[in-house]
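Chemist: sequence unknown, structure follows:
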């Protein structure tokens, strides 16, 4: 089950044929999958969440070239807002924004979903939802997974036509998956009612991130997107579907903070006062939104001297999909197999 990770893309690859974002995300997932498995089962200890996040952002920056800008901020601020980083996929005028919190699977397959930010006495997921709303983003978790988890074999069975028409033969495309933060928030609410936190259920409802954020949707026999606008619309639809799925699987969902852990008026929300009636779908209702002011400022800024973010975050990653998608994407390795 556990095979070798994909080889790193070579530095001397023909510049006219760069890897697609989808291929880079698939490679990163595979690297995470094997690295975490080895850390838990062969060469402990396993790296921490921050190490995975730092390396994965570095890979995005390195292998997608000028398409990506990365801005690093003070990581100590993460504890105030519940997010590791922010990602905007854009065409220079419109985009889809994600506020991302990483969770690493333990050896037994559990995740620290119920983490409480002690200084503010509030669940981290509540901070993630609140501050994502403040900057017009969708709150999501990225799960770092490994092959030794419960249900890993079942998750490898994916219907043909999904995952942008390709998967990793060893199942390592499950190394990085996305899960709606609203789904986590409602599950924690269920826990406060006396139920057990269902780690395997939440993991099973997550999706490989190269399926959600793919810039090439070209199963066998179809044509790839012809413009950056088409790419962005495809990503928007996938993020919208992920969020709707998280809400639909949680009929008890409420935008209120989870009980007994902080209030919207306390210090945890001092930077972003609570607004009544948060609508989880507000930023996903009418298609990719106009880029907010702080993203437009970052597009013009130098990566070494970014303006301060409106809500603290560890990093902001901007991925430009405005150019046409290369007609012949470079295949990273034989580990990426196509459905027939």
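Modeler: Received, thanks. Model, not experiment: these values are computed from the prediction. Residues are numbered from 1 along each chain as shown.
Chemist: would you map the helices across this structure?
Modeler: In the chain, the helices defined using DSSP state H lie at 21-41, 49-63, 78-81, 124-134, 152-155, 181-192, 199-204, 209-212, 228-248, 293-300.
Chemist: distance to residue 70 added to those helices, as CSV?
Modeler: All C-beta spots, glycine's among them, are computed from the backbone N, C-alpha and C. Output for these, formatted as CSV (distance: least, CB to CB, whole Å):
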stretch, distance to residue 70
helix 21-41, 13
helix 49-63, 5
helix 78-81, 16
helix 124-134, 19
helix 152-155, 30
helix 181-192, 22
helix 199-204, 28
helix 209-212, 17
helix 228-248, 19
helix 293-300, 10
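Chemist: and those helices, which one is worst for confidence?
Modeler: Sorting the helices of the chain by mean pLDDT places helix 78-81 lowest, at a mean of 53.
Chemist: mind checking pLDDT for the residue most central in space within the chain?
Modeler: For the chain, residue 142 is the residue whose C-alpha lies nearest the centre (CA atoms, centre = their mean; 4.4 Å). At residue 142, the predicted lDDT confidence score is 97.
Chemist: now mean neighbour count too, for the helices of the chain, in CSV please.
Modeler: Formatted as CSV, these follow (neighbours: other CB atoms under 10 Å):
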stretch, mean neighbour count
helix 21-41, 24
helix 49-63, 18
helix 78-81, 22
helix 124-134, 25
helix 152-155, 15
helix 181-192, 22
helix 199-204, 18
helix 209-212, 24
helix 228-248, 19
helix 293-300, 15
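Chemist: who wins for proximity to residue 69 among the ones you listed?
Modeler: Among those, helix 293-300 comes nearest to residue 69, with 6.9 Å by CB to CB.
Chemist: which other helices and strands does that closest one contact?
Modeler: Packing contacts for helix 293-300, counted by 3 or more CB pairs under 8 Å, 6 or more residues apart in numbering; DSSP states H and E, involve strand 68-72, strand 85-90, strand 315-320.
Chemist: could you single out the most deeply buried of the ones you listed?
Modeler: strand 85-90 (a mean of 24; mean count of other CB atoms under 10 Å).
Chemist: surely residue 33 and residue 145 touch.
Modeler: Yes: counting by CB atoms under 8 Å, residue 145 is a contact partner of residue 33 at 6.4 Å.
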